[in-house]
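*Asks:* Next input, structure requested:
(chains A and B)
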There are 2 protein chains.
Amino acid sequence: MSSDLMDQERLRELLTREKLLAVVGTSAEHVTYLSGFWAMPQWIRKGPQVYAVRTAEAKASCVVLPTSIADQAADQSLAAEVHRYGFFAYEGEMASAEEAEDVQLARILQGPDHRSAAEALAFGLKRIGVESGRVALDAEGIAPDERDRLESLLPGVAWVNAAPLLRTLREIKTAPEIERLKRAANITERSIEAALAIAREGSTERDLARAFHARTVAEDAVPVLGCIGFGSRSAHPNVDPSSKRRLRAGDNIRFDVGGRYAQYRADIARIAAFGKPSSKLKAYHAAVSAGLDRAYEVIRPGLRAADLFEQVVATVRQSGIPHYRRNHVGHGIGLSGYETPALTPASEDVLAPGMVMCIETPYYEVGCFGVQVEDTVVVTATGVQTLMTTGRELIPL
Amino acid sequence: MSSDLMDQERLRELLTREKLLAVVGTSAEHVTYLSGFWAMPQWIRKGPQVYAVRTAEAKASCVVLPTSIADQAADQSLAAEVHRYGFFAYEGEMASAEEAEDVQLARILQGPDHRSAAEALAFGLKRIGVESGRVALDAEGIAPDERDRLESLLPGVAWVNAAPLLRTLREIKTAPEIERLKRAANITERSIEAALAIAREGSTERDLARAFHARTVAEDAVPVLGCIGFGSRSAHPNVDPSSKRRLRAGDNIRFDVGGRYAQYRADIARIAAFGKPSSKLKAYHAAVSAGLDRAYEVIRPGLRAADLFEQVVATVRQSGIPHYRRNHVGHGIGLSGYETPALTPASEDVLAPGMVMCIETPYYEVGCFGVQVEDTVVVTATGVQTLMTTGRELIPL
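*Replies:* Reported below is the predicted structural model:
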C-alpha cells in the first residue's frame, strides 16, 4: 500500500492558511489517513501509541511506532520515515535477511530506540525542521503522559488542536478513498443478497445475520454494523438479530448494515418483503424511496446540507408519510461511520465535490414495521454519483 | 440478558472502602460491565454518550442513553432504570403495543426527555439519593461538554477518577464472565481448526484467514485479531495475512488470533507444521510449550506476576532457547484484550482466584519462523484451570 489516501496539495493549502508547520495524527483513523499505515493494535484496542506526521512537503513525513509493530511498517512498505521506541525481542541474523519485508524490518530495527513515543515524535519533528512554531496535534489518541513529555521536549512549539483541520481535510475524499468506500458498500450489498438467499419460512434473524457476515468476511471485510429485523422488530432502529423471531409470510426484513474494508466503512439500508407485501408497506417504502430519489435530483456542489434535509423530508411527506419526522437524512462516511457533512436541519455544511455521504430516510413505526433505504453517494463536479450497484426497490422474496 | 456480569458484593466493599457513593461508567466496556447493557453504537464508534450507574445497593442503579437506542434497552430487558435524552422519531400507537419489547420501549419513551446526557445522568443520580459526596466517574467515554455540564448540575459531588476502582473490580472475573471468555476462546480454537482444514500446498495466508473468520461469524462472534503467517512470515508478530505467500512443505503456520463473543475477547496462539517439521521447529516449539507447562504448574493465588514471568522465561531458556527474551508472558483478558494482571518482570500484581489470563511465550526469529503457544486460563482457589479444549502440541498437517 503506498498510494496516498490524503490530498497533499489540499493539506499544503490548509497548513499555509492556518500558519501550521505540520499535523500530527495520534488516533487509529488519523494515523491511517495521514500515512496509509494500518497499525493493527491501535485499531483493535485503546492505548497503543502510534503517530503520523505530515507537512506541506510530501517527503517530510514520518511515522512513530512501538518496536513491537515494526514488522507492520516493513510489510506495508511505508513511504514515510519510521522512528521506533521501546524494546521488543526480534531474534535472528538480521544482516542475512532475504525476503524484502525482512530486509526492510532489519533497516527499521537498525534505527535507534527512542525509549518513549514522545521522544520518537520529538526526534522525528526535529529531523524535518519542526522545532518551533505552530503544529496541529490530534488529541484523540495521545496518552496524557506522552503529551506532557512531548510539550517539555519541544518547548518552542505551539500545539493547536488538529480536529478542525483533520475534519476539513477528511470531508473531501480522494480517488483511493472513494475506491475503498465503493468496495465496502458493494461488499455490503452482496452480503445482503447472501442473507436473503437463505431466507425461508421459519428462518431466524440470526440465521440471516450469519449468512450476511459470512459473505462480508469472504470478501476480506470486517463485520461492524448488522441490524437485521423482521416485521415489528424492523421498527427497532438498532435491532440485534434474534435467534427467536422466525420469518413468516407478510414480514418485511429491514437491513441497516455495513462492514469495514481496508479500514473504510459501509453503511447502507434495504428492505425486502417475504411473501405478498401489505399495501401500507408498499406505500411507505415508496415514500421513503422518493426521499432518496429527490436527494439524487438535487445534490450538487454548493447545496446547503440543511436545504438537502428540508427537501428530502418534504418529499417523503408529500409521497405518502405526511407525519414523517427525522433528525437527519444522512452523514458523511469514510474511515469513520459518521463524518461531516451532517445532513441535519441545523447543519452549516455546504456540499462540495468529493464528499461521500450516506443518504437515508428511515421510518420506524413501533408495533408495525420499519422501512429504510440508504445509499452511499459521492458529490461530483456537477451533481452526484451513486456508489451502489443495487436499486432501492422493495426486494420481493 | 439479565445475569449480572459484575459482583455486587465486591463493588459494595470497594465503594465502602473508598468512601464512594456510586460508580459511573461512560465507555462501552464499562457500561456493559456495570449494567450488562450492550449499547451497540458506543461499541462501534466514538462519541455516543451512554452511561451506567451502580451503587452499593443492587436496586439503586440506572442507565442513561440517547432516545435513539431506547429500543436496545427494551430488547435487552435491562434490570436498571433507564433515563433517556434527545429527540428520536419512534412513530405508531405505543399504547397498543403487543410484543413484550415494544411494551417495554413504550414505557421508556413515556419517561421525560432529559435533553442532554449530563442532565439525564444528574437526574438519575439524584433519584437514587446521590447529590453530594464522592462519586467515581469513568473519564474514558464522557464528552468534555457533558462533563462540564454534569459538574455544574451537581456542584456538591466530588468526582473521583474511576479507573483504579474499575480495574480492581474487572480483574476478578465472575462466573458469567468466565463462561463468555471460555466460549470466546473455544470459538477461536474451532476457527483455527476450520482454517487448518482447508490448508493445502499453494493455499495463501488470506485463504486460511477467510476460513478462520467464517467459522468465527458462524458461531456468532466478531473477528478482531487474525494474525496468520507461514514460514518466515510467522516471525512477524502482527502478520497481516497475505494473498501472495503460498503454503509449501516445511512451512510452519502461526496463529495469534481471537474474536469477541458477547463482548468478551479471545486471544490464543497455536502452531501447525505443514509437511515434516524441521528439528529446529520441533525443538523451539517444545521449548516455548515447556514455558506454558511451567505456568500451569506454578499458578496459584498469592503468586506474584513478576515471579510467574521469571519462572516461565527461565523454563523456556532451559528447555531449548537459551537466548530467550521477552517483555511479558501474558496478560489479563475480559471485555478488553489486555487487562490486569500484567505478567511482566516489573509487575506488582499478585494472582488471585477468578483472574482470567492469557499465558504466552512467543519467539520471533526473523528470516526463520515464529513459534508461539497461548492459552487462556483462570486462577482457581488452589491453582489454575484451563479454558481451552485443545492441546498445545505442534499440529501436524
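*Asks:* Show me chain A divided up by domain.
*Replies:* Domain ranges of chain A: A:8-171, A:175-396, per automatic domain parsing.
*Asks:* Would you mind giving those as a markdown table with mean neighbour count added?
*Replies:* Just so you know, the C-beta spots here come from the backbone N, C-alpha and C atoms, and that holds for glycine as well. Converted to a markdown table, the domains of chain A look like this (neighbours: other CB atoms under 10 Å in any protein chain shown):
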| stretch | mean neighbour count |
| --- | --- |
| domain A:8-171 | 19 |
| domain A:175-396 | 20 |
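*Asks:* so where's the stretch 1-150 of chain A uncertain?
*Replies:* A:1-2 (pLDDT under 70).
*Asks:* where along it do the helices fall?
*Replies:* Shown for the stretch 1-150 of chain A, the helices assigned by DSSP state H, counting those that start in this stretch span residues A:8-17, A:28-35, A:40-44, A:70-75, A:100-110, A:117-127, A:144-153.
*Asks:* Got the phi and psi for the residue lying closest to A:Ala269 once chain neighbours are set aside?
*Replies:* With CB to CB, 6 or more residues apart in numbering or on different chains as the criterion, A:Ala269 has its nearest non-adjacent residue at 3.6 Å, and that residue is A:Glu374. Main-chain dihedrals, A:Glu374, degrees, to the nearest 10: phi -140, psi 120.
*Asks:* How about the contacts made by A:Glu374?
*Replies:* A:Asp256, A:Asp267, A:Ile268, A:Ala269, A:Arg270, A:Gly330, A:Cys358, A:Ile359, A:Glu360, A:Thr361, A:Pro362 (CB atoms under 8 Å, 6 or more residues apart in numbering or on different chains).
*Asks:* likewise A:Arg270?
*Replies:* A:Arg270 touches A:Glu189, A:Ile192, A:Phe255, A:Val373, A:Glu374, A:Thr390, A:Arg392, A:Ile395, counting by CB under 8 Å, 6+ apart.
*Asks:* Can you pull the residues of the stretch 151-300 of chain A lying near chain B?
*Replies:* A:206, A:210, A:213-214, A:216-218, A:220, A:222-225, A:232-233, A:235-240, A:242 (CB under 8 Å from any CB of the partner chain).
*Asks:* now, which of these lie within strands?
*Replies:* A:Val222, A:Pro223, A:Val224, A:Leu225 (DSSP state E).
*Asks:* which ones are touching the residue nearest to the second one when sequence neighbours are not counted?
*Replies:* By that I understand A:Pro223. Excluding its sequence neighbours, the residue lying closest to A:Pro223 (CB to CB, 6+ apart) is A:His213, at 4.5 Å. Taking CB under 8 Å, 6+ apart, we find A:His213 in contact with A:Ser191, A:Pro223, A:Gly226, A:Gly259, B:Val217.
*Asks:* Kindly state the pLDDT recorded for A:His213?
*Replies:* Reading off the confidence values, A:His213 has pLDDT 98.
*Asks:* can you check the one 3 residues further on too?
*Replies:* According to the per-residue confidence, A:Thr216 scores 98 in pLDDT.
*Asks:* which ones are touching it?
*Replies:* Applying CB under 8 Å, 6+ apart, the residues contacting A:Thr216 are A:Ile187, A:Thr188, A:Ser191, A:Val222, A:Pro223, A:Gly259, B:Val217.
*Asks:* Quick check: which of the domains of chain A is nearest to B:Ile321?
*Replies:* Among these, the nearest to B:Ile321 by CB to CB is domain A:8-171 (8.7 Å).
*Asks:* What is the end-to-end distance of that closest one?
*Replies:* One end of domain A:8-171 to the other measures 14 Å (CA to CA, to the nearest Å).
*Asks:* do the same with stretch A:106-118
*Replies:* So stretch A:106-118: terminal residues 23 Å apart, CA to CA.
*Asks:* that older thread, so the residue nearest to A:Ala269 bridges to which residues?
*Replies:* Per DSSP bridges, the residues bridged to A:Glu374 are A:Ala269, A:Glu360.
*Asks:* surely A:Ala286 meets A:Gly320?
*Replies:* Yes: counting by CB atoms under 8 Å, A:Gly320 is a contact partner of A:Ala286 at 6.2 Å.
*Asks:* that older thread, now, the most widely separated pair of the contacts of A:Arg270?
*Replies:* A:Glu374 and A:Ile395 (14.0 Å).
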